[in-house]
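Q: Following is a predicted model, sequence given first.
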Amino acid sequence: MRDFDFLEPATVHEASHMLADLGDDCRAIAGGTALMLGMRQRMLTPTHLVSLARLPQLRGIEFDAKNGLRIGALARHADVATSPLVRQHVPVLASMASRVANPQVRNQGTIGGNLCYADPSTDPPGCLMALGAQVVLGSSRGERVLSIEEFLVDYYVTALEPDEIVVEIRVPPLAAGTGGVYSRFLRTAAEHRPLASVAFVARHDGQLCREARIAVGASTPIPVRLRRAEAFLEGRTIDERAVHEVADIVAADIEPVSDARGSADFRREMVRVVARRTVAELFGLTNIQGAQP
Ligand SMILES: Cc1cc2nc3c(=O)[nH]c(=O)nc-3n(C[C@H](O)[C@H](O)[C@H](O)COP(=O)(O)OP(=O)(O)OC[C@H]3O[C@@H](n4cnc5c(N)ncnc54)[C@H](O)[C@@H]3O)c2cc1C
């Protein structure tokens, strides 16, 4: 690995100036799990790393009833998974974070780093999209707030400007009667990264679905909301037939990627299966045909 200078700014303003002044020769570093791999493989050869570790603004997890969760960008996956606030107020997010990668990566990798790397085969982006989360970007020019949909632009591409860093993620409070389920499919038990994932958040009275948000991740270049499937569910009493029909709509409406890990057709089928299981689980219909893990 090439030698580099390690810079430790104390404020977002200072970090932003460093990133702007050093340009392409420079990278921000949080947990380093993605960046160090890229540097070891010589895909990235920065001369300077700007550590985000000393920025207090990027730390902590808080909740208030009006604004919901505020998760500092430096929160590690393990912090999100074990936070009493996340577990109490947005349990689906804690459940998702507890399944990311393996214990080593969960204890080192951050939620901010995960979003900024924009690797499609990851868990948080789809789950955060179904939850209607926002990303707060900071720089010496001030702050801007983007929805996850606005932040994730394409395969490994985000809306971050060169002098910006992700400061925090905001997750709005869930309305009363809202539940959520996150499911992922791994190609082999030894593989950590998901090949397909479905995040489903719904407000419901028993079997009657009032509001639905579904996002598919890991099988498409960036996660996608499935609006036609959501409209199909809203106002409907969810039974076995509805579960099968909505899974078919989800599978029909995505444009999966095709690569060495799986063809587009295989991914579409796996998304259909995962969507069926996810919707069935939220509505307590796990005994129906085709919904067992
Ligand atoms: C073996 C392995 C298995 C994995 N499996 C999974 C999995 O199953 N599910 C899953 O979701 N993910 C998985 N991952 C990905 C993992 O979640 C990410 O590597 C991790 O979250 C990245 O966070 P980090 O803090 O280590 O980022 P870093 O490596 O420090 O940074 C990653 C990128 O983001 C930039 N960056 C970091 N933080 C910020 C910020 N706040 N503002 C602006 N730019 C920033 C850096 O400049 C860099 O370009 C896996 C990774 C590994 C190595």
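A: Yep, that arrived. Residues are numbered from 1 along each chain as shown.
Q: Name the residues of the stretch 101-250 of the chain found near the ligand, please.
A: 101, 105, 108-110, 112-114, 116-117, 122-124, 160, 165-166, 192-194 (Cβ under 6 Å from any ligand atom). Yep, even glycine has a C-beta here, placed from its N, CA and C like the rest.
Q: now, which of these lie within strands?
A: I165, V166 (DSSP state E).
Q: Give the bridge partners for E143, please.
A: Per DSSP bridges, the residues bridged to E143 are G138.
Q: Restricted to buried residues, select the residues of the stretch 101-250 of the chain next to the ligand in ChimeraX.
A: Of those, the buried ones can be selected in ChimeraX as follows, counting by 16 or more other Cβ atoms under 10 Å:
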select :101,105,108,109,110,112,113,114,116,117,122,123,124,160,165,166,193,194
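Q: Who are the contact partners of P162?
A: L19, A20, G23 (Cβ atoms under 8 Å, 6 or more residues apart in numbering).
Q: These, buried ones only, as a PyMOL selection?
A: A single PyMOL command selects the buried members of these (16+ other Cβ under 10 Å):
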select buried, resi 19+20
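Q: wait, which of the contacts of P162 is closest to the ligand?
A: Nearest to the ligand among these: L19, at 8.5 Å, using Cβ to the nearest ligand atom.
Q: just so I have it, where are all the helices in the protein?
A: With DSSP state H as the criterion, the chain has helices at 12-22, 35-40, 77-82, 84-89, 91-97, 103-106, 111-117, 124-130, 148-151, 227-233, 240-253, 264-282.
Q: where's the fifth one relative to the chain centroid, distance-wise?
A: The offset between the C-alpha centroid of helix 91-97 and the centroid of the whole chain comes to 11 Å, using Cα atoms, centre = their mean, to the nearest Å.
Q: re the thing from before, a markdown table for the contacts of P162, including pLDDT?
A: Listed next are the contacts of P162 as a markdown table, based on pLDDT from 0 to 100:
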| residue | pLDDT |
| --- | --- |
| L19 | 97 |
| A20 | 97 |
| G23 | 93 |
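Q: tell me the pLDDT at I29?
A: Predicted confidence (pLDDT) for I29: 98.
Q: Kindly report the same for the one 10 residues further on.
A: Listed pLDDT for M39 reads 93.
Q: The chain should start at 51 in everything you say after this.
A: Sure thing, new numbering starts at 51, so read that last one as M89.
Q: Roughly how far does it sit from D53?
A: 11 Å (Cβ to Cβ, to the nearest Å).
Q: same thing with A252?
A: From A252 across to D53, the span is 52 Å (Cβ to Cβ).
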